[in-house]
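In: Dropping a prediction and its sequence here:
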Amino acid sequence: MPRWRNNFTRAYNVAVGPARQILHVSVSHSGSHNDKTTAKYDHFLRSMRCGRYQQVVFDVRGKDGSKEQIVGLCCICDGGYHNWRILQLPVKMTSEQDLRRWSKRLESIRKDVARTFGALKMRFLIFIHGLPFKLRGFVENIFRTTCMLHNRLLAFNDYISLGMKDNDWKKADIARADAWIARNIATQKDACDSCPAIAASSSASVPLQTQPSQPLS
């Protein structure tokens, strides 16, 4: 089990809504597991891949601002997850400006998860200095209980419906987004120019797996 500052760590997959409401909490994993490993054993993602939520219909905005209906749920995540249809990832390398804008907006929406974990730490001080328990069952019960209390507090303060109405959103500033994208491209270019050894190191060989693991269906 990995250590962080001389403490054992556990990792969770948590799904949240736009109002920071916690919709799903996976079983805990070792802190050394990456996102792809935890996603393989997440029963919520597995049920989405098996078509359990294919009857769910929701509205999205097209390029002209009109509403379109999409069938089936999706999860917004970062680039560390699998390239599954149910997982919407930002695109890092593209020459299409519209796709760059979409990726930046996707990254801004994905910060709801980080804000939710920040709210949990501020509300429950037990997460600030680490849990005093070593048994996995105690850790599971504490984390799930705090998540339930977090949702109860959101409902008490009438924050559950936040983001569900059109008035909760504002129109995107295209000029500001383009300036942000251009600044990031210039920063990445400067970083690549200052590290000429990256191209040479990318050709290093790695041993192949004799028995590769099969992804879950």
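Out: Nice, I can see it.

In: which regions of the protein sit below the pLDDT cut-off?
Out: In the predicted model of the chain, residues 1-7, 163, 168, 172, 185, 188-217 satisfy pLDDT under 70.

In: Grab the nearest non-local neighbour of the spatially most central residue of it.
Out: In the chain, the residue lying closest to the centroid (Cα atoms, centre = their mean) is Cys77, at 3.2 Å. With sequence-adjacent residues excluded and distances taken as Cβ to Cβ, 6 or more residues apart in numbering, Cys77 is closest to Leu87, at 5.3 Å. For the C-beta atoms, the positions are set from N, CA and C on the backbone; glycine is no exception.

In: quick one, helices of this protein?
Out: 35-40, 43-49, 97-123, 136-156, 174-193, 198-201 (DSSP state H).

In: And those helices: which comes nearest Gly62?
Out: For Gly62, the closest of the helices of the chain is helix 97-123, at 11.4 Å, according to Cβ to Cβ.

In: so the closest one versus helix 136-156, what angle?
Out: Here helix 97-123 points in a direction 110 degrees away from that of helix 136-156 (axes from the mean of the first three to the mean of the last three Cα atoms, to 10 degrees).

In: what sits against Arg101?
Out: 172, 174, 177-178, 181 (Cβ atoms under 8 Å, 6 or more residues apart in numbering).

In: Return the set of buried residues in stretch 91-105.
Out: By neighbour count on 16 or more other Cβ atoms under 10 Å, the buried set for stretch 91-105 is 100-104.

In: Run the chain-centre distance for it.
Out: Relative to its chain's centre, stretch 91-105 lies at 17 Å (Cα atoms, centre = their mean, to the nearest Å).

In: Next one: the closest residue to Ile128 other than its chain neighbours from His129, what distance?
Out: Nearest residue to Ile128, sequence neighbours excluded (Cβ to Cβ, 6+ apart): Lys121, at 6.1 Å. Lys121 sits at a distance of 10 Å from His129 (criterion: Cβ to Cβ, to the nearest Å).

In: quick one: which of these two has more around it?
Out: Neighbours per residue (other Cβ atoms under 10 Å) separate Lys121 from His129, with Lys121 holding more: 13 against 8.

In: Gly130 is in contact with that one, correct?
Out: No - the pair Lys121 / Gly130 is not scored as a contact, 11.3 Å apart, by Cβ atoms under 8 Å.

In: Okay, buried residues for stretch 31-48 please.
Out: 33, 35, 38-39, 42, 44-45, 48.

In: Between the two ends of stretch 85-92, what distance do you get?
Out: 17 Å (Cα to Cα, to the nearest Å).

In: Quick one: residues in contact with it.
Out: For stretch 85-92, the external contacting residues (Cβ under 8 Å, 6+ apart) are 39, 45, 48-49, 72-79, 81, 83, 99-100, 102-104, 106-107, 110.

In: centre of the chain versus stretch 23-32, how much separation?
Out: Counting by Cα atoms, centre = their mean, stretch 23-32 comes out at 13 Å from the chain centroid.

In: Same question for stretch 99-110.
Out: 12 Å.

In: likewise stretch 98-118?
Out: With Cα atoms, centre = their mean as the basis, stretch 98-118 stands 8 Å off its chain's centre.
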